[in-house]
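Engineer: sequence plus the predicted model coming up.
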Amino acid sequence: MSDLTTDAPRPRRVTKRRAETRQRLLDAAGEVFAEEGFGRSTVEQVCERAGYTRGAFYSNFTSLDELFLAMWERQSARMLDNIRASLADSGVQPRPTTVETAVELVLAAIPVDDAWYRITAEFTAHALRNPALKRVMAAREDAILHTILPIVEDALATVGRRVTDREALGRALVALHDGTTVQILMEPGNETVRQARQRLFVTVVSNYSSTDTDRR
């Protein structure tokens, strides 16, 4: 498996056919990584599952590392779209009016997926052994965080609150999400764990935000 040697993959012209090929490879990789584990998966396995040759793979990705990063970007984009949709006033679901309802809507839009967690955990361990790849992941995590924060700020503004420390809030939310995801996956049928998770998010968001009244 080759390592990434730059902080970004080389741009490629994306035609409709190439886009469809990439999507099939991404879908196949998700299945293979979940079943085999990232470290035990091979390009051949992904190609076989997708129904393509190695040539099709390498015309789209330079390595399984790059393939995973594309999967991660796709997953992140879907998550952001779900969060935006959950907080928007659709006419059926009005915008939230309290921190509690905003948190409830956001958490409902972020799936706790066992297979995806296992894939990302294994890839993170792999990246920690590769300085170049670790830098890529850190940069992309920061980019996602800076995309999420304006959405959070907008939701809080709707319920009459303003963020007091953007950086601290962002880091706290990521850490809380990662930690409570493990707890939920360990006890998937335990509603108490899910409720505790929601209360923790409300506490963190409340502690890193304030109302105009609080400032007086």
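Structural biologist: Thanks, I have the structure now.

Engineer: where do the strands of this protein begin and end?
Structural biologist: For the chain, the strands defined by DSSP state E occupy 162-163, 209-210.

Engineer: report all helices and strands that the last one contacts.
Structural biologist: Pointing back at strand 209-210 there. Helices and strands touching strand 209-210, by 3 or more CB pairs under 8 Å, 6 or more residues apart in numbering; DSSP states H and E, are strand 162-163. For every residue, glycine as well, the C-beta is placed using N, CA and C.

Engineer: hmm, try it at 10 Å
Structural biologist: The contact analysis (3 or more CB pairs under 10 Å, 6 or more residues apart in numbering; DSSP states H and E) places strand 209-210 against helix 131-158, strand 162-163.

Engineer: hey, least reliable of the ones you listed by pLDDT?
Structural biologist: Of all these, mean pLDDT reaches its minimum on helix 131-158 (a mean of 90).

Engineer: can you say which of the strands of the chain is packed in most?
Structural biologist: Most buried of the strands of the chain, by mean neighbour count (mean count of other CB atoms under 10 Å): strand 209-210, with a mean of 18.

Engineer: adjacent strands (with direction) for that one?
Structural biologist: Next to strand 209-210 in the sheet, as set by DSSP bridges, lie strand 162-163 (antiparallel).

Engineer: what sits up against the partner strand?
Structural biologist: With CB atoms under 10 Å, 6 or more residues apart in numbering as the test, strand 162-163 has contacts from 149-150, 152-153, 156-157, 169-170, 205, 208-212, 214-215.

Engineer: tell me which of those is nearest to R118?
Structural biologist: Checking the contacts of strand 162-163 against R118 by CB to CB gives G170 as the nearest, at 24.8 Å.

Engineer: burial count for the closest one?
Structural biologist: Applying other CB atoms under 10 Å, we find 19 other residues in the vicinity of G170.

Engineer: and if you look at T158?
Structural biologist: Neighbour count for T158, taken as other CB under 10 Å: 16.

Engineer: contact partners for the residue nearest the centre of the chain?
Structural biologist: By CA atoms, centre = their mean, the chain has its centre lying nearest to S76, at 4.1 Å. The contact partners of S76, by CB under 10 Å, 6+ apart, come to R140, E141, A143, I144, T147, I148.

Engineer: same thing but at 6 Å, please
Structural biologist: Taking CB atoms under 6 Å, 6 or more residues apart in numbering, we find S76 in contact with I144.

Engineer: same check on A56?
Structural biologist: Applying CB under 6 Å, 6+ apart, the residues contacting A56 are T21.

Engineer: so what pLDDT did it get?
Structural biologist: Here the pLDDT value assigned to A56 is 95.

Engineer: now swap in L87 and tell me
Structural biologist: Looking at L87, its pLDDT reads 86.
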